[in-house]
Structure formats: C-alpha cells, structure tokens
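Trainee: My questions concern the predicted model and sequence given below.
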Amino acid sequence: MKEPLLEVVDLSVSFKMYDSLLERKELKVISDLSLTLYPNEVLAVAGSSGSGKSLLASAILGLLPPHAKIGGKMYYQGRRLTPALQKELRGSQLALVPQSISYLDPLMKIGKQVDGHKKPHPASDRIKLFEHLGLPKGTEKLYPFQLSGGMARRVLVSTAILSSANIIIADEPTPGMSLEQSIEALSMFRQMADSGKAVILITHDIDLAFQFADRIAVFYAGTTVETASSEDFRTGPSALRHPYSKALWNALPQNGFVPLPGFQPYAGDLPQGCPFSPRCPMSTPECQKTMPPTQKIRGGEVRCIYAT
Amino acid sequence: MQLEAKNISFRYSPKQPWILKNFDFTVNSSEKVALVAPSGYGKSTLALLLSGYLRPVSGEILLDGQPLPDKNCICPVQLIYQHPEKAINPRWRLRKVLEESGQLNNDLIASLGIEPAWLDRFPRELSGGELQRFCVARALISEVKFLICDEISTMLDVITQAQIWNKILEQAEERDIGIIAVTHNMELAKRISTRIFDMTK
C-alpha cells in the first residue's frame, strides 16, 4: 500500500458563538470526519450545500477563524499537521483554488498576481498556461473587475497549477465555465495528479467528477457518509452503498431528476443517530439510536447500518 | 402570451463593444427555452434586458406587442438570479422579503419546501439553496407570465436543484408561465426545456 500524502482522522470543527447575550454555545459543523489522500489521486468531495465541504478545505490549510475549535488529527506525509507546519506548507506544498472569485486582489493586475511576488516560475510558463486555458492575450494586463466570472475562475485555477504544490485543494473551481473549459481545467488537475501529486476536488458538478476523479467522498451534515470509487458512481445506484449517494445519483438531470424531499438538518440541530435518517426511505428506529460507524463494504467506506 | 426581443442592440457604454447587435428572440408562454452559449456571449445581459432591468440601446422588448410596464408596478416578467444571497435584502427577515412581493401564499411556500421557522430568520442564517427557494417563491407572483432563470442552480447540490426545478416546471405547467433558463449544463437544459436556443448561432 502506498504511503498516504494526507490523512485526516476523526476531524471535528466547532464554532463558539453567543446564544443569548451572555451564554455561549458550541456549534459543531464537522464531526468524526476521516479522509485519506494518496499520491496520484484525485479525490472528489460532493454533497449538499452547507455540509462542511469548504470548512474541510480551510481546516486542512489552517485558515479557520480564531473562534473555531478543531478536534482530531491531520497528517501530511506522516508528519502531524500543526498550525506551524500548516503555515510553512501553505502556498508551497498545499495550494487552494478558492471558491469565491473575490479572493483575487482587486488592485493588482492579473499577470503579477499569478506570477506571485517571489516569481518562482518564468513568465513563459504562465503565458503557455493562459493560452491552454483559453484566456485571451492581454489578460495579464487586466484588473480582476475587468474579467468575466468564467475568466476569473480560470485565473484562480492557473495560480494553483503554476504552484509546485503537492496537494491542490480546489473548492468549486468550475461554476461559470462552459463544459469545454471545465473539462480543460479538470484534465489539468488530472495530469497533475498523474505526475505524482494529489488533488481534492470539491464540486457540485458530480457528473464531471465521475469522469476525472479516482474516488468520491460524499458529505452530509458535516461528515462523510460514503467514500467510493468513481467507477461505482458511473455504474449507478446498484453499485453505491449509502441511500444519500443513491439519491444524489438519481437527482442528476440525466438520470431521472428525482428530488428527494426534505432538507439537510442544521448544525446544532442534528437528529439523534444517523443525520440522514429523517429523509431516508429505509430509516428504522434503530437508525435513530447512534451515529452509524464507518464500515468497509465492497472496497468502499460507508456509514449506514443497512448498507449492502 | 409572447415575449419578444425585437432587433435589439446593447452595450454598457459607448466606449465598450456591442454585447448584442440586432438580436431577435421570441418566446411563447407555453414554451420553456434553455439559453446556452459560452461565457461572455451576453446571456445574463439578455436576461436583464428581457426582464426590464436594462433598456436596450436600440430595438424593443415587447410583451404581447406592448412595451414592458414601467417601474413601480408589478412586472409580469420576473428574473431569478444565480446568487440568491445578493438578491435579498440582508437586513430584512425573510417574512418581510415575501411580504414585499405580496407572496405569503402558504401552499406555495410549503410546496417549495420552505419551513415556517425560516420566515423569522435573516438571510445570512440560511444556506444558498434555502434562500433560492425564497427567490423562486417571490418570483412566482400571480401576475407572472414569464420567468427568467439565470443559472439559478449552478451553486446548488443536485438534489436541491431537482427540488427547485421540479417545482418551477409544475407551476409553469399549471399557470401557463413561459420559462427562459440560462444554463451551462446541457443535461439540465435537455431535461427542463422544450427548445434549446444557442446564442452563438
């Protein structure tokens, strides 16, 4: 078995907040989350909005705000990921493609921004990459407000690709891009992974993730409910293990467009036991007792007592 | 009913290039049209023009042969944006957001999956998918004849996407509302539309 590049073990994240004027409470937004990332791998993270996908990215990079409380352990190449190590690795070994295009510096021209102030790469690399991503000539001389949404996304992707990072965490890199551009960006991530690096791809475009990722981790209400190979997702519900993963597959426009009724419970207002049980078609009183443990079934990991 | 863009041209300022030039487009209220084109082709600009938020530099936007009604009245062409958090007053509770549009119709709210408890919250306390339901509820006023959906589900997970779209399609069917949907997702376009309009052609 290959040495994992990144390991997240039983991660939990909670925020301290004021409930009333003087009472503070802790709001748990991620609980018992475990994840392993190997070299040469693209791991897609899918799941409903507000399930903690972006928080996971911030937790790995050490970018959570000071009032966040973090539990569990994270390892980078076997070394414990401490705030000091995160600071050292951030930008050099760990790169982020942020979710919002407002992360671009509004007062700096694109070329300068992508090159970085230390200029670790010759400008020719950047020119080649811009051409590859379909960014028109002269983009480097523009300011962020002069770009369209899709162009700004491609600029953000290019900053991560140009970095020599071992792990790229791409948080929703594709909205606003056309299908061809999305495919181009994702195949670049694929190539980076094939050259020995690793990519965590957080995305709602799960049909694209099926094509480019090796494994897919499905999040629900702050934890992973299933981790399975993309192959299983391409096959469909018969190969999937968790009822939520099956519901995701069935909701795709090309596979039935079936809406699962209900909504994800709020952090701080989670039901007892399995967080998916209120919406689950096969829920029983047994499900409401405890959080189902992670089990290994048919080469995937799943948190459902009835998974087969 | 018919919504028509007749020979319209538009640019944001005289210094900038034309975004739409002598452009024609017609939709009937029995139709559901998906607008597709790469980014930068003016899809969102067309959405703003059709719903009266922008005026064309030349040409006309006609609803059954008449120009769109002026400001300060209820427009029968309603627009839903991609970013619900930018389309809702952040300092209003959501009850007030719906009251403003006169759209506190309990059946519709319930069928969109809006929980009664959400009405007393502020926008920042809800997720994008939850806010988008309010934007849809607000746009489905009784006067609406055309609904323009500008990438309303790109930021949402696929289950929420299916929930919201199924509701819109059901209402459109029931009340004879025309749909114009901007999307990059061809599979979604095929699923929701009766006609796909490619702006590059």
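Mentor: Now that the structure is in, tell me what you want to look at.

Trainee: residue boundaries of the strands in chain A?
Mentor: Assigned by DSSP state E, the strands in chain A fall at A:6-18, A:24-37, A:41-47, A:68-76, A:79-80, A:94-97, A:167-171, A:198-202, A:215-220, A:223-229, A:295-297, A:300-302.

Trainee: For chain B, which residues are neighbours of chain A?
Mentor: Chain B comes close to chain A at residues B:38-40, B:113, B:115, B:127-130, B:151, B:154-163, B:165-166, B:184-188, B:190-192, as judged by CB under 8 Å from any CB of the partner chain. C-beta here means a position set from N, CA and C on the backbone, and glycine is covered the same way.

Trainee: hmm, 7 Å instead?
Mentor: Taking CB under 7 Å from any CB of the partner chain, the part of chain B that reaches chain A is made up of B:38-40, B:113, B:127-129, B:154-163, B:166, B:184-188, B:191.

Trainee: Narrow those residues to those that are buried.
Mentor: Neighbour counting with 16 or more other CB atoms under 10 Å in any protein chain shown marks B:38-40, B:113, B:127-129, B:154-163, B:184-185, B:188, B:191 as buried within the residues of chain B next to chain A.

Trainee: and stretch A:131-141, how far apart are its ends?
Mentor: 14 Å (CA to CA, to the nearest Å).

Trainee: follow-up on the earlier one: indicate which one of the strands of chain A is closest to chain B.
Mentor: strand A:41-47 (6.7 Å; CB to the nearest CB).

Trainee: burial count for the residue nearest to residue A:73 when sequence neighbours are not counted?
Mentor: The shortest distance from residue A:73 to any non-neighbouring residue, by CB to CB, 6 or more residues apart in numbering or on different chains, is to residue A:9 (4.7 Å). Using other CB atoms under 10 Å in any protein chain shown, residue A:9 is surrounded by 13 other residues.

Trainee: Which pLDDT does the model give the most centrally placed residue in chain A?
Mentor: By CA atoms, centre = their mean, chain A has its centre lying nearest to residue A:202, at 2.8 Å. Residue A:202 is assigned 94 on the pLDDT scale.

Trainee: swap in residue A:1?
Mentor: pLDDT recorded at residue A:1 is 60.

Trainee: So what's the residue count around residue 42?
Mentor: You didn't say which chain, so I picked chain A. 25.

Trainee: look at chain B instead
Mentor: Neighbour count of residue B:42, defined by other CB under 10 Å: 20.

Trainee: Might one say that it is in contact with residue B:18?
Mentor: No: counting by CB atoms under 7 Å, residue B:42 does not reach residue B:18; the two are 9.1 Å apart.

Trainee: Now do the end-to-end distance for stretch B:100-118.
Mentor: Its first and final residues considered, stretch B:100-118 spans 16 Å by CA to CA.

Trainee: pLDDT on it, on average?
Mentor: On average, stretch B:100-118 scores 83.

Trainee: ok, and what's touching that stretch?
Mentor: A:263, B:94, B:98, B:126, B:130, B:133-134, B:136-138, B:140-141, B:163, B:167 (CB atoms under 7 Å, 6 or more residues apart in numbering or on different chains).

Trainee: any chance of these in JSON lines, with distance to residue A:164 too?
Mentor: Putting these into JSON lines (distance: CB to CB, whole Å) gives the following:
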{"residue": "A:263", "distance to residue A:164": "42"}
{"residue": "B:94", "distance to residue A:164": "46"}
{"residue": "B:98", "distance to residue A:164": "51"}
{"residue": "B:126", "distance to residue A:164": "40"}
{"residue": "B:130", "distance to residue A:164": "40"}
{"residue": "B:133", "distance to residue A:164": "43"}
{"residue": "B:134", "distance to residue A:164": "45"}
{"residue": "B:136", "distance to residue A:164": "45"}
{"residue": "B:137", "distance to residue A:164": "49"}
{"residue": "B:138", "distance to residue A:164": "48"}
{"residue": "B:140", "distance to residue A:164": "51"}
{"residue": "B:141", "distance to residue A:164": "54"}
{"residue": "B:163", "distance to residue A:164": "42"}
{"residue": "B:167", "distance to residue A:164": "47"}
